[in-house]
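Chemist: My questions concern the predicted model and sequence given below.
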Amino acid sequence: MEGLHTRIHSKSIIFGPMFFKDIIGQQKIKERLIHSVKEERISHALMFTGPEGTGKLALALSFAQFVSCRNRSENDSCGECPSCRKYKKLAHPDLHFVFPVFPTKTIKKPVSDDFLPKWREMIHRTPYFTLSQWLGFIENENAQGLIYERESDSIMRKLNLKSFESEYKVMIIWLPEKMHQACSNKLLKLIEEPPSKTLFLLITEDEESIISTIRSRTQLIKVPFIDKGSMRIALQTNDMLSSDQIDDVVRLSNGNYITAMEYLNPDESTAYFFAKFQEMMRFAYMREVYELTQWAEEMATLGRDRQKAYFAFALRLIREYFMMNMNRSNLIYLKEEEKEWGNKFAPFINERNIIPFAKEFELGIKHISMNGNPRIIFLDTALRMVRLIKR
């Protein structure tokens with residue numbers, strides 16, 4: 001795919017400037033965004049919503065660069081004008097970012113600007129990443145990533161300034177569902193009565209968690225999973241992958257580019273979660289209550305975002321092992337080591353316990369999200385596994 005500079009077997013995936021041509025798939029959305037600029041019908045607030053790994057942040061960045069480009073072509077930014085050169089460094093004076101952060105020993109009341117150099121570095125590696133990957137990159141030490149109330153003052157200060165170079169001031173808000181209520185209310189006022197020539201680009205993976213008054217005032221852009229053809233083209237840029245490997249990754253990723261990268265370069269969290277899942281089920285089967293208590297204590301030390309990620313991971317594995325037990329090989333999306341372990345474990349996941357298992361992990365996500373006590377939540381979940389795995 002022309003313009004996509006990636007090395008899939010490298011931990012540092014380097015992307016060039018944000019061009020529409022670099023984005024994997026999503027052709028209809030790209031055409032819609034380009035058309036809105038040509039027709040001079042740019043909505044002042046767009047909300048890109050959809051699953052992770054589909055390119056929402058990349059779309060927002062490419063759109064912002066296209067809007068600001070001084071010499072845009074028919075279907076993309078020029079890449080050479082002063083605006084594009086600054087966008088290449090993510091350092092355009094009219095481009096602003098808001099994203100989840102956390103307090104540190106030296107920064108008690110953080111705002112996004114405190115982490116801006118790291119944010120730029122992350123995007124330059126790849127604009128396809130999860131919240132957990134971002135927080136791990138800035139070494140959050142298990143703290144929860146949030147957009148704090150103080151951020152609203154920074155947003156208002158920036159947007160009340162006149163544009164420096166571009167026609168539009170652009171504010172990209174990544175994961176507004178992580179925004180403090182007071183910050184959401186102030187953002188709503190700005191979206192209701194935006195400063196002149198201001199463009200809000202919101203990127204969400206949980207649209208329902210954003211206050212309805214903000215959602216109703218944005219133009220919704222639903223970003224679907226990446227189509228198989230586009231995913232295959234992206235993977236073919238790596239000549240180290242065989243055709244069979246590419247076919248496997250295209251099927252297993254299920255339209256999620258982040259998942260595709262994780263299959264090729266498993267990160268530490270994935271390996272850790274799989275080991276913890278194995279421990280939980282092994283201890284539950286052996287009815288080793290003390291070991292389950294110790295397991296729950298360890299899981300309680302993780303940050304809330306990682307705790308929710310673990311429950312989501314467990315939910316996925318339960319579903320896959322049920323399919324494996326039902327001999328539905330065409331519906332199984334497991335890595336090789338997960339499949340190998342599942343040869344022995346899958347028979348324990350059946351029609352009698354699959355729904356209760358799924359409900360327990362969904363409940364875990366819900367209770368962690370509601371700031372429940374993680375020690376109690378994980379221990380309760382672990383003890384319920386003892387009963388369910390024997391069904």
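Modeler: That came in fine, so what should we check first?

Chemist: pLDDT score for the residue most central in space within the chain?
Modeler: For the chain, the residue nearest the mean C-alpha position is Thr130 (3.1 Å; C-alpha atoms, centre = their mean). Thr130 is assigned 88 on the pLDDT scale.

Chemist: ok, now Ser12?
Modeler: 35.

Chemist: just Asn238 next, same as before
Modeler: 76.

Chemist: Against Glu336, how distant is it?
Modeler: 18 Å (C-beta to C-beta, to the nearest Å). All C-beta spots, glycine's among them, are computed from the backbone N, C-alpha and C.

Chemist: Equivalent analysis for Thr213, please.
Modeler: Taken as C-beta to C-beta, the span from Thr213 to Glu336 is 47 Å.

Chemist: Which element is encountered next along the chain beyond the helix or strand that Ile155 is a member of?
Modeler: Taking DSSP states H and E as the criterion, Ile155 maps to helix 151-159. Sequence order places strand 169-174 as the next helix or strand after helix 151-159, per DSSP H and E.

Chemist: I'd say the residue nearest to the centre of the chain and Thr54 touch.
Modeler: No - look at Thr130 against Thr54 with C-beta atoms under 8 Å: they stay out of range, at 11.9 Å.

Chemist: Which residues lie in contact with Lys118 in this structure?
Modeler: With contact taken as C-beta atoms under 8 Å, 6 or more residues apart in numbering, Lys118 is in contact with Phe137, Ile138.

Chemist: Likewise for Glu208?
Modeler: Contacts of Glu208 by C-beta under 8 Å, 6+ apart: none found.

Chemist: now do Thr293
Modeler: Residues counted as contacts of Thr293 (C-beta under 8 Å, 6+ apart) are Leu379, Ala382.

Chemist: again, but for the one 3 residues further on
Modeler: Ala296 is in contact with Arg375, Phe378, Leu379, Thr381, Ala382, counting by C-beta under 8 Å, 6+ apart.

Chemist: That one sits in which helix or strand?
Modeler: Per DSSP H and E: helix 289-300 holds Ala296.

Chemist: Identify each buried residue in that helix, please.
Modeler: Across helix 289-300, burial judged by 16 or more other C-beta atoms under 10 Å covers Glu291, Leu292, Trp295, Ala296, Met299.

Chemist: Distance from the helix or strand just after that helix to the middle of the chain?
Modeler: Going down the chain from helix 289-300, the next helix or strand is helix 304-325, by DSSP H and E. The chain centre lies 17 Å from the centre of helix 304-325; the measure is C-alpha atoms, centre = their mean, to the nearest Å.

Chemist: what's helix 304-325 packed up against?
Modeler: helix 131-137, helix 268-286, helix 289-300, helix 336-345, helix 354-369, helix 374-388 (3 or more C-beta pairs under 8 Å, 6 or more residues apart in numbering; DSSP states H and E).

Chemist: Top of the contacts of Ala296 by number of neighbours, please.
Modeler: Ranked by neighbour count (other C-beta atoms under 10 Å), the contacts of Ala296 have Phe378 at the top, with 27 neighbours.

Chemist: now that residue: how far from Gln294?
Modeler: 11 Å.

Chemist: again, but for Glu337
Modeler: For Glu337, the distance to Gln294 - C-beta to C-beta - is 24 Å.

Chemist: mind showing which ranges of the stretch 1-150 of the chain have poor pLDDT?
Modeler: 1-17, 140-143 (pLDDT under 70).

Chemist: Show me where it has its helices.
Modeler: Assigned by DSSP state H, counting those that start in this stretch, the helices in the stretch 1-150 of the chain fall at 27-38, 56-68, 82-88, 116-125, 131-137.

Chemist: now those helices in a markdown table, with distance to Phe164?
Modeler: A markdown table is the format used below for the helices of the stretch 1-150 of the chain (distance: least, C-beta to C-beta, whole Å):
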| stretch | distance to Phe164 |
| --- | --- |
| helix 27-38 | 20 |
| helix 56-68 | 11 |
| helix 82-88 | 10 |
| helix 116-125 | 17 |
| helix 131-137 | 27 |
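
Chemist: Nearest to Ala314, out of those?
Modeler: Nearest to Ala314 among the helices of the stretch 1-150 of the chain is helix 131-137 (14.8 Å), distances taken as C-beta to C-beta.

Chemist: So what are the structural domains in the protein, by residue number?
Modeler: Domain segmentation of the chain under automatic domain parsing yields 20-228, 268-388.

Chemist: Dump those into a markdown table; add distance to Val250 as well.
Modeler: Formatted as a markdown table, the domains of the chain follow (distance: least, C-beta to C-beta, whole Å):
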| stretch | distance to Val250 |
| --- | --- |
| domain 20-228 | 5 |
| domain 268-388 | 11 |
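
Chemist: for the ones you listed, which one sits closest to Ala260?
Modeler: Using C-beta to C-beta, the domains of the chain put domain 20-228 closest to Ala260, at 7.7 Å.

Chemist: measure the closest one end to end?
Modeler: End-to-end span of domain 20-228 (C-alpha to C-alpha, to the nearest Å): 18 Å.

Chemist: what are the phi and psi angles of the residue nearest to the centre of the chain?
Modeler: Thr130 adopts backbone torsions of phi -100, psi 170, taken as degrees, to the nearest 10.

Chemist: for the closest residue to it other than its chain neighbours, phi and psi?
Modeler: Using C-beta to C-beta, 6 or more residues apart in numbering and skipping residues adjacent in sequence, the residue nearest Thr130 is Glu52, 5.5 Å away. The phi/psi pair for Glu52 (degrees, to the nearest 10) reads phi -70, psi 160.

Chemist: Tell me if I'm right that Glu52 and Asn256 touch.
Modeler: Yes - under the criterion of C-beta under 8 Å, Glu52 makes contact with Asn256 at 6.6 Å.

Chemist: list the contacts for Arg120?
Modeler: Lys89, Leu90, Ala91.

Chemist: of all those residues, which comes closest to Lys228?
Modeler: Using C-beta to C-beta, the contacts of Arg120 come closest to Lys228 at Leu90, 30.8 Å.
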